[in-house]
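Student: what would the 3D arrangement of this be:
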Amino acid sequence: MVAGKSHEALVGGQFGSSAEAYLTSAVHARGADLEAIAGLAIGRPDARVLDLGCGGGHVTFNVAPHVREVVAYDLSREMLEVVARTAAERGLSNVTTREGLVEKVPFEAESFDMVLSRFSAHHWRDFDAGLREAARVLKPGGVAGFVDTVAPPSPLLDTYFQTLEMLRDHSHVRDYSRAEWEAALARAGFLPVSATWFRIRLDFASWVGRMKTPKAFVDAIRALQASVSESVTRYFETEADGSFSIDVCFFKATKARS
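Tutor: Residues are numbered from 1 along each chain as shown. Just a heads-up that it's a prediction; the model follows:
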């Protein structure tokens with residue numbers, strides 16, 4: 001048997017080396033989906049918020065001006081260092097950082113008024129465990145918001161896209177469908193409120209550049225893009241330079257009151 005890294009080590013290594021790139025990434029730093037999830041915090045000045053899998057901290061930075069406290073939580077220490085530094089530079093004194101796994105968060109039950117997560121869940125080793133932990137630490141009546149890339153609606157499109165994701169980033173686990181998301185949220189104890197769709201264009205050079213994807217895998221992605229059927233090319237709106245568009249969904253949910 002060939003020895004290898006744990007999934008957690010793979011995620012930490014992939015994103016630790018890309019922390020600054022994610023801070024400045026246009027896809028992550030702005031967008032209607034970011035405005036939607038951050039908008040949950042408006043009018044909640046007493047709220048304590050958990051940014052689960054905070055990455056470059058964009059949810060944290062947009063939410064912090066509206067709430068009492070934000071805890072930015074991530075597996076990557078380098079990401080958290082970038083978040084802490086940037087929060088200080090922006091005068092966000094109510095932001096703290098904490099390192100750890102989403103499958104076992106080090107917080108007491110019912111200790112947050114809001115749990116938010118954006119573009120993180122497709123890297124979780126155990127999707128259900130992460131959502132159960134999000135529900136556990138959320139107060140009854142609290143609000144949860146999750147934004148993530150969602151799987152396309154057919155097996156052909158789904159298989160193609162998951163392959164692109166894995167070639168580009170070996171820490172990728174799965175982009176889940178809307179049905180998979182809604183079923184998992186229910187299993188975790190959430191009550192669904194709404195699902196809002198967005199279409200996002202990914203600039204190819206930036207997309208592979210953020211993860212420092214090796215040339216061999218970049219070439220494989222481009223070869224796959226060139227060899228698939230016209231229906232796949234049309235669905236993803238694949239452009240001559242490899243840039244393409246994806247589906248993203250914002251799931252809003254609540255936790256039932258006792």
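
Student: and Ala38, how many neighbours?
Tutor: Look at Ala38: counted by other C-beta atoms under 10 Å, it has 22 neighbours. Placement of C-beta: from N, CA and C, glycine included.

Student: which SSE is it in?
Tutor: helix 32-38 (DSSP states H and E).

Student: which residues touch that helix?
Tutor: Under the criterion C-beta atoms under 8 Å, 6 or more residues apart in numbering, residues 28, 58-59, 62-63, 116, 118, 145-147, 196, 198, 200, 248, 250 lie in contact with helix 32-38.

Student: is the nearest residue to Arg90 once chain neighbours are set aside in a helix, a strand, or coil?
Tutor: Nearest in space to Arg90, with sequence neighbours left out and distances taken as C-beta to C-beta, 6 or more residues apart in numbering, is Phe61 at 6.4 Å. On the three-state scheme (DSSP: H, G, I helix; E, B strand; the rest coil), Phe61 is labelled helix.

Student: so who does Phe61 touch?
Tutor: So Phe61 contacts 86-87, 90, 92 (C-beta under 8 Å, 6+ apart).

Student: just among those, which is most surrounded?
Tutor: Result: Ala87 is most packed of these (other C-beta under 10 Å), 21 neighbours.

Student: wait, a helix at that residue?
Tutor: Yes. Judged by three-state DSSP, Ala87 forms part of a helix.

Student: quick check, pLDDT for the nearest residue to it once chain neighbours are set aside.
Tutor: Using C-beta to C-beta, 6+ apart and skipping the chain neighbours, the partner closest in space to Ala87 is Val95 (4.0 Å). On pLDDT, Val95 comes in at 98.

Student: can you give me the strands in the stretch 101-250 of the chain?
Tutor: Using DSSP state E, counting those that start in this stretch, the strands of the stretch 101-250 of the chain run over 112-118, 138-149, 190-202, 244-255.
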